[in-house]
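**Student:** Provide a 3D model corresponding to the input given below.
(chains A and B)
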2 protein chains.
Amino acid sequence: MDKPTKKSALHEQPDRIKPSGRTIFFVSDGTGITAETLGKGLLSQFEGINFRQMRFPFVDSPEKAVDCLSRMREVRERDGIRPLVIMTMMNTQISAMLRQGDALFLDLFEVFIAPLEKELGVRSAHTVGRSHGQAGREYTNRIAAMSFAIAHDDGVSDADLKNADVILVGVSRCGKTPTSMYLAMQFGLRAANYPLIPEDFERDRLPDTLLPFRDKLFGLTIAPEKLHLIRQERRPSSNYAAIDTCRREVSAAEGMMRREGIKWFDVTSRSIEEIAVQIIQAINNKA
Amino acid sequence: MDKPTKKSALHEQPDRIKPSGRTIFFVSDGTGITAETLGKGLLSQFEGINFRQMRFPFVDSPEKAVDCLSRMREVRERDGIRPLVIMTMMNTQISAMLRQGDALFLDLFEVFIAPLEKELGVRSAHTVGRSHGQAGREYTNRIAAMSFAIAHDDGVSDADLKNADVILVGVSRCGKTPTSMYLAMQFGLRAANYPLIPEDFERDRLPDTLLPFRDKLFGLTIAPEKLHLIRQERRPSSNYAAIDTCRREVSAAEGMMRREGIKWFDVTSRSIEEIAVQIIQAINNKA
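**Tutor:** Next comes the predicted model:
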């Protein structure tokens, strides 16, 4: 049985490996990212089961299908129960080969393409790799947005802030950076982020750089106890991480945002994805 | 009819608006990211149809369902044809309310939860927001990996390279940065990236900093013509962007990677997602 070492974690993700677990294959003739994203959402609904995950991207030839089938047999043998296969297969021939295996097959495309063809009155292209093609404005936009987000991370650059779609503000380590990156990558939004630091609280006003862009600002705030834990990891036993410092900064930042009329979100029990989608909604409501 | 201005693009994405288009709702009582990801993959299979996309995340109350229903009616009226609704709804009551609307409903969870319950022999939790919860090692890992990727973007820092899972090398603007960020965000991989610059080609050897980490290096390369176009956007008519410069650098970089035994990928016609998944596979094969 594999130990959950760093390297093997890339291959299988044995979060909660027990011999009694079930193995999930994410199989695709594309990247498999869609299968994995939906699959993880589905599996999260089943508590108390030890899922072991394996990725099989780019299964686009009979040879690769045969290889995948033999892995299914191995897993069937090892687990003593058939694996689950969550897949997005465009190539119907390869798909048919895979289905000879002993597994529960959930094919996202198969289930939805047929009703869509009926509704739209046209046949689907059944072509791999369209969803993430390099062509198209949306893709170029995402790449440009990521460059922008990196160039404007943590107040590094003031230049070009006028081209930001959104500028996140908040105390150090409250989640501004990953939220900016996610907004750029997933939604193509040019997201800058700018820290509120002790000097700003002493002056008790927003950094001058931000004043012209007040309508693009969104604040993130966080429970001081959580912030303390996060900062402790970075700089243990520092004044920066002390619970009193965290309390003071969070309180000062919230006071400032309230006074300046900046909309803000508490990120304490929210994921990056949830915060990002909430920011998108807030921007839409402003528009 | 909306014009595709920057702001409205956030709300509806009227990539190819025509009055004859179909409108797609992505509806969820969570973030809706899963519905949108799969939905876009499905829609990409239908060419020649003008899809207009609208997001309805966090539809978790009867009030929000009523609002969503009234938007369906508006769209039905405007388009002259019912909208498509791609959804992930955990709350079955809200889901039932939505289904009173006139639309084609494709509910990802509904279709897959039942067969999974049967196969696993347990009832699902039917709880919103589990898939992206903040708890868990995987989530913490992704956040840490993103900080790492930003700190080690474009050779900014040599410190801590020993903790990298992978170090991407290649000429300037070949796609190292977005690939690193994607590897971190999607897979929790600590990805650094390091540019190969004219000085390296003059010395005709890898930067000294990278020598101890040869086994973590992956190269990206790109067709000189494509590189030329990308660099032109950044610095038009510069020597940096000249096609001759691009040809020389790409050729030198490929020669160096070949000689040093660094595995590399041509990214010219590949998306970030495809490159990232290929790197993951290469790492697994090494392990």
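
**Student:** Enumerate every residue touching A:Ser238.
**Tutor:** A:Ser238 is in contact with A:Arg231, counting by Cβ atoms under 8 Å, 6 or more residues apart in numbering or on different chains. Where C-beta positions appear, they are placed from N, C-alpha and C, glycine not excepted.

**Student:** how does it look with 10 Å?
**Tutor:** A:231-232, A:245 (Cβ atoms under 10 Å, 6 or more residues apart in numbering or on different chains).

**Student:** Surely A:Ala191 touches A:Ile279?
**Tutor:** Yes: applying Cβ atoms under 10 Å, one finds A:Ala191 in contact with A:Ile279, separated by 8.2 Å.

**Student:** Would you map the strands across chain A?
**Tutor:** Assignment of strands within chain A using DSSP state E yields the ranges A:22-28, A:51-56, A:84-88, A:104-107, A:166-171, A:191-196, A:217-221, A:264-266.

**Student:** Could you dump those into TSV and include mean neighbour count, mean pLDDT and distance to A:Ser237?
**Tutor:** TSV is the format used below for the strands of chain A (neighbours: other Cβ atoms under 10 Å in any protein chain shown; pLDDT from 0 to 100; distance: least, Cβ to Cβ, whole Å):
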stretch	mean neighbour count	mean pLDDT	distance to A:Ser237
strand A:22-28	25	95	42
strand A:51-56	20	93	37
strand A:84-88	26	94	45
strand A:104-107	18	94	49
strand A:166-171	26	97	19
strand A:191-196	26	96	22
strand A:217-221	23	97	24
strand A:264-266	18	94	27
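
**Student:** how about TSV for those strands, with distance to A:Gly41 added?
**Tutor:** Below are the strands of chain A laid out as TSV (distance: least, Cβ to Cβ, whole Å):
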stretch	distance to A:Gly41
strand A:22-28	12
strand A:51-56	13
strand A:84-88	10
strand A:104-107	12
strand A:166-171	26
strand A:191-196	24
strand A:217-221	25
strand A:264-266	22
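
**Student:** so where's the stretch 51-200 of chain A uncertain?
**Tutor:** By pLDDT under 70, the low-scoring segments of the stretch 51-200 of chain A are A:126-136.

**Student:** Pull the contacting residues for the nearest residue to A:Arg55 once chain neighbours are set aside.
**Tutor:** Excluding the flanking residues, the one nearest A:Arg55 by Cβ to Cβ, 6 or more residues apart in numbering or on different chains is A:Phe26, at 5.1 Å. Contact analysis of A:Phe26 by Cβ under 10 Å, 6+ apart lists A:32-40, A:53-57, A:84-88.

**Student:** can you check A:Ser61 too?
**Tutor:** A:29, A:67, A:91, A:94 are the contacts of A:Ser61 under Cβ under 10 Å, 6+ apart.

**Student:** neighbour-wise, which of those leads?
**Tutor:** When the contacts of A:Ser61 are compared by neighbour count (other Cβ atoms under 10 Å in any protein chain shown), A:Asp29 ends up highest, at 24 neighbours.

**Student:** my read: that one touches A:Met97, true?
**Tutor:** No: checked against Cβ under 10 Å, the pair A:Asp29 and A:Met97 is beyond contact range at 11.4 Å.

**Student:** got any residues that touch both of those two?
**Tutor:** Joint contacts of A:Asp29 and A:Met97 (Cβ under 10 Å, 6+ apart) are A:59, A:64-65, A:89, A:91.

**Student:** Select only the buried ones of the residues you listed in ChimeraX?
**Tutor:** Restricted to buried positions by 16 or more other Cβ atoms under 10 Å in any protein chain shown, the ChimeraX selection for the shared contacts of A:Asp29 and A:Met97 reads:
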select /A:59,64,65,89,91
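
**Student:** Which two among the shared contacts of A:Asp29 and A:Met97 are spaced furthest apart?
**Tutor:** The span of the shared contacts of A:Asp29 and A:Met97, defined through Cβ to Cβ, is set by A:Lys64 and A:Met89 at 11.6 Å.

**Student:** Need the overlap of contacts for the two.
**Tutor:** A:27, A:29, A:97-98.

**Student:** follow-up on the earlier one: okay, the contacts of A:Ser238 in JSON lines with neighbour count, distance to chain B and pLDDT next?
**Tutor:** Converted to JSON lines, the contacts of A:Ser238 look like this (neighbours: other Cβ atoms under 10 Å in any protein chain shown; distance: Cβ to the nearest Cβ, whole Å; pLDDT from 0 to 100):
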{"residue": "A:Arg231", "neighbour count": "21", "distance to chain B": "13", "pLDDT": "93"}
{"residue": "A:Gln232", "neighbour count": "16", "distance to chain B": "14", "pLDDT": "92"}
{"residue": "A:Thr245", "neighbour count": "18", "distance to chain B": "20", "pLDDT": "97"}
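
**Student:** Show me where chain A has its helices.
**Tutor:** A:6-11, A:33-43, A:62-79, A:92-98, A:108-120, A:137-151, A:176-187, A:198-203, A:224-234, A:243-260, A:272-286 (DSSP state H).

**Student:** how about a markdown table for those helices, with distance to B:Thr177 added?
**Tutor:** Output for the helices of chain A, formatted as a markdown table (distance: least, Cβ to Cβ, whole Å):
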| stretch | distance to B:Thr177 |
| --- | --- |
| helix A:6-11 | 21 |
| helix A:33-43 | 19 |
| helix A:62-79 | 30 |
| helix A:92-98 | 34 |
| helix A:108-120 | 30 |
| helix A:137-151 | 6 |
| helix A:176-187 | 11 |
| helix A:198-203 | 29 |
| helix A:224-234 | 23 |
| helix A:243-260 | 30 |
| helix A:272-286 | 19 |
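
**Student:** To B:Ala252, which of those helices lies closest?
**Tutor:** Per Cβ to Cβ, nearest to B:Ala252 of the helices of chain A: helix A:137-151, 24.1 Å.

**Student:** Quick one: check the closest one for contact with chain B.
**Tutor:** Yes: Helix A:137-151 is in contact with chain B by Cβ under 10 Å from any Cβ of the partner chain, via A:137-147, A:149-151.

**Student:** how about that helix: buried residues?
**Tutor:** A:139, A:141-143, A:145-150.

**Student:** mind listing what's buried in stretch A:36-50?
**Tutor:** A:36-46.

**Student:** got a markdown table for the residues you listed, with pLDDT and distance to A:Leu183 too?
**Tutor:** What follows is the buried residues of stretch A:36-50, written out as a markdown table (pLDDT from 0 to 100; distance: Cβ to Cβ, whole Å):
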| residue | pLDDT | distance to A:Leu183 |
| --- | --- | --- |
| A:Glu36 | 88 | 21 |
| A:Thr37 | 82 | 17 |
| A:Leu38 | 81 | 22 |
| A:Gly39 | 87 | 24 |
| A:Lys40 | 84 | 21 |
| A:Gly41 | 79 | 20 |
| A:Leu42 | 84 | 26 |
| A:Leu43 | 86 | 26 |
| A:Ser44 | 81 | 23 |
| A:Gln45 | 81 | 27 |
| A:Phe46 | 86 | 31 |
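
**Student:** out of those, which touch chain B?
**Tutor:** A:36-46.

**Student:** residue at max distance from the center of chain A?
**Tutor:** A:Arg203 (36.2 Å; Cα atoms, centre = their mean).

**Student:** Cheers, nothing more for now.
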